[in-house]
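1. Prediction below, plus the sequence it came from.
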Amino acid sequence: MKKRKLKKKKIILFIVIFIIIVGLIITGIMLFNDSNKKTDPKKDNTNEVPNEIVEPEPKRMSLVAVGDALIHSGVYYDANLGNGNYDFSHMFTEITPLIEKYDLRYYNQETIIGGKNLGISNYPLFNSPDEIGEDLVSAGFNMVSLANNHALDKGETGILYSVKFWENQGVITSGQNNSDTDRASKIKVYEQNGIKYAFIAYTDSTNGIAVPYGKDYLINVYSNEQAKTDIESIKDEVDVIIVSMHWGEEYTHEPNQTQKEEAKYLSSLGVNLIIGSHAHVIQPVDYVGDTLVIYSLGNFISAQWTLGLENIIGLMVGMDIVVDNDKVTFENIDYKLLYTYCTTSYRNFKVIPFENLDDSILNNYKSIEQEYLGIVNRKVN
């Protein structure tokens with residue numbers, strides 16, 4: 001029995017030693033192969049998967065623009081509550097749902113908000129109640145052009161009030177300033193969805209009203225030299241440059257030669273989007289090189305219906321601004337026509353999208369829509 005047990009132990013010991021030796025041999029082979037992979041430059045490593053290079057996604061922000069808030073007496077009489085206060089909010093209830101999806105929501109405040117102490121007034125020297133600005137901000141607008149031919153209607157006092165008023169609204173503005181320092185500080189860089197952008201507003205005219213001596217900063221009057229200075233000061237810091245231009249001739253659907261030349265020059269400076277106003281009627285939307293130019297959005301709200309249908313039809317333009325590396329493009333450009341409704345006694349003012357109209361509000365509105373969209377799509381350049 002003892003001999004049998006001893007023999008059994010020897011067999012087990014032999015098996016254990018054999019397993020250890022085999023294990024060492026296998027480990028040595030694996031280490032040798034691994035060493036060859038690292039040191040042999042001729043080794044074929046085609047089965048290895050290289051690190052994948054991920055291209056950055058294009059950045060996007062959306063913008064929508066409407067035209068002039070031209071507040072004639074008919075409009076502010078309709079908003080008058082009879083106690084020195086005004087309420088315009090009901091005029092824009094059909095606009096808010098159309099603009100709320102956009103990041104930037106632009107309009108031109110054509111008539112200055114100069115303070116009620118100067119007296120609310122009509123053409124030719126306008127002064128509008130604070131409530132029009134407040135109600136349009138409440139409706140969703142967050143980018144406002146203040147450079148236009150009526151900016152000096154209430155002189156320096158009106159501009160200083162306007163600048164302070166808009167500073168308290170928490171929106172982006174350009175065009176009016178209270179000092180040289182203020183003007184310089186308003187040419188600044190904003191950011192939306194990772195896109196850095198600048199917004200600058202200019203006017204070609206102040207209706208012959210002279211800017212007070214030594215105070216050119218009050219209103220951004222356009223010149224090629226000033227535009228170059230402004231744009232070059234921020235060009236290297238931004239992805240997108242947006243310029244508002246108050247230009248052209250009133251009551252004509254055709255851009256004039258000055259508009260075309262200024263658009264071409266701004267494009268050469270690197271401006272990506274030009275938003276135009278002043279004509280009070282719609283003008284085409286077209287490209288100058290890679291620059292998208294909206295020559296005139298027409299009136300957003302006014303009481304100019306006695307001048308003709310074209311003065312109470314405005315344009316809304318929506319778009320996506322896409323930045324892919326250093327390239328700026330525009331996608332999903334959308335045009336909507338807007339109609340300013342009121343009764344023959346200048347009551348019940350309301351801005352109504354054409355998609356919400358029927359023939360009882362504007363007879364033959366569908367054919368009118370096609371006619372005006374034809375103006376928008378007309379080639380200029």
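-> Structure's in. What do you need?
2. Grab the longest strand from this structure for me.
-> Longest strand in the chain, counting residues (DSSP state E): strand 327-341.
3. got the buried residues for stretch 321-338?
-> Residues I321, V322, V323, V328, F330, Y335, K336, L337, L338 are the ones in stretch 321-338 that count as buried (16 or more other Cβ atoms under 10 Å). For the C-beta atoms, the positions are set from N, CA and C on the backbone; glycine is no exception.
4. scratch that, stretch 290-300 is what I was asking about
-> Burial within stretch 290-300, assessed by neighbour count using 16+ other Cβ under 10 Å, is assigned to T291, L292, V293, I294, Y295, S296, L297, G298, N299, F300.
5. Next: stretch 114-123.
-> Across stretch 114-123, burial judged by 16+ other Cβ under 10 Å covers G114, G115, K116, L118, I120, S121, N122.
6. which of the residues you listed sit farthest apart?
-> The widest separation within the buried residues of stretch 114-123, taken as Cβ to Cβ, falls between G115 and N122 and amounts to 16.1 Å.
7. is it true that I321 lies in a strand?
-> Yes. With DSSP: H, G, I helix; E, B strand; the rest coil as the criterion, I321 is part of a strand.
8. got a list of what it touches?
-> By Cβ atoms under 8 Å, 6 or more residues apart in numbering, the contact set of I321 is R60, M61, S62, L63, I195, V240, N272, L273, V328, T329, F330.
9. What of E331?
-> E331 makes contact with M319, D320, V322 under the criterion Cβ under 8 Å, 6+ apart.
10. Save the residues you listed as CSV, and put in distance to Q169 and pLDDT too.
-> Written out in CSV, the entries for these read as follows (distance: Cβ to Cβ, whole Å; pLDDT from 0 to 100):
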residue, distance to Q169, pLDDT
M319, 24, 98
D320, 26, 98
V322, 29, 98
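11. which is the next helix or strand following the least confident helix or strand in the chain by mean pLDDT?
-> For the chain, scoring each helix and strand by mean pLDDT, DSSP states H and E identifies helix 2-39 as the least confident one, at a mean of 54. The element immediately downstream of helix 2-39 (helix or strand, assigned by DSSP states H and E) is strand 59-69.
12. Which strands or helices does that next one pack on?
-> Contacts of strand 59-69 with other secondary structure elements, assessed using 3 or more Cβ pairs under 8 Å, 6 or more residues apart in numbering; DSSP states H and E, are made with helix 96-99, strand 104-108, strand 195-203, strand 273-277, strand 299-301, strand 313-324.
13. Which SSE is immediately downstream of it?
-> Scanning the chain past strand 59-69 towards its C-terminal end, the next helix or strand to appear is helix 73-79 (assignment: DSSP H and E).
14. Which positions within that next one qualify as buried?
-> Neighbour count says helix 73-79 has G74, V75, Y76, Y77, D78, A79 buried, by 16+ other Cβ under 10 Å.
15. same thing with stretch 258-278?
-> 259-260, 262-263, 266-267, 269-278.
16. What average pLDDT does it get?
-> Stretch 258-278 comes out with an average pLDDT of 98.
17. Only alpha carbons, please: show that stretch as PDB.
-> Extracted C-alpha coordinates of stretch 258-278, given in PDB (Å, rounded to 0.1, in the frame of the first residue of the first chain):
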ATOM      1  CA  THR A 258     -26.500 103.800 -54.100                       C
ATOM      2  CA  GLN A 259     -28.000 100.800 -52.400                       C
ATOM      3  CA  LYS A 260     -26.300  98.500 -54.800                       C
ATOM      4  CA  GLU A 261     -22.900 100.200 -54.500                       C
ATOM      5  CA  GLU A 262     -23.100 100.300 -50.600                       C
ATOM      6  CA  ALA A 263     -24.100  96.600 -50.600                       C
ATOM      7  CA  LYS A 264     -21.100  95.700 -52.700                       C
ATOM      8  CA  TYR A 265     -18.800  97.700 -50.600                       C
ATOM      9  CA  LEU A 266     -20.100  96.200 -47.300                       C
ATOM     10  CA  SER A 267     -19.700  92.800 -48.800                       C
ATOM     11  CA  SER A 268     -16.100  93.500 -49.700                       C
ATOM     12  CA  LEU A 269     -15.500  94.400 -46.000                       C
ATOM     13  CA  GLY A 270     -16.800  91.000 -44.900                       C
ATOM     14  CA  VAL A 271     -20.400  91.700 -44.000                       C
ATOM     15  CA  ASN A 272     -22.500  88.600 -44.100                       C
ATOM     16  CA  LEU A 273     -26.000  89.900 -43.800                       C
ATOM     17  CA  ILE A 274     -27.500  93.300 -44.700                       C
ATOM     18  CA  ILE A 275     -31.000  94.200 -43.400                       C
ATOM     19  CA  GLY A 276     -32.500  97.100 -45.300                       C
ATOM     20  CA  SER A 277     -35.300  99.600 -44.500                       C
ATOM     21  CA  HIS A 278     -36.600 103.100 -45.400                       C
END
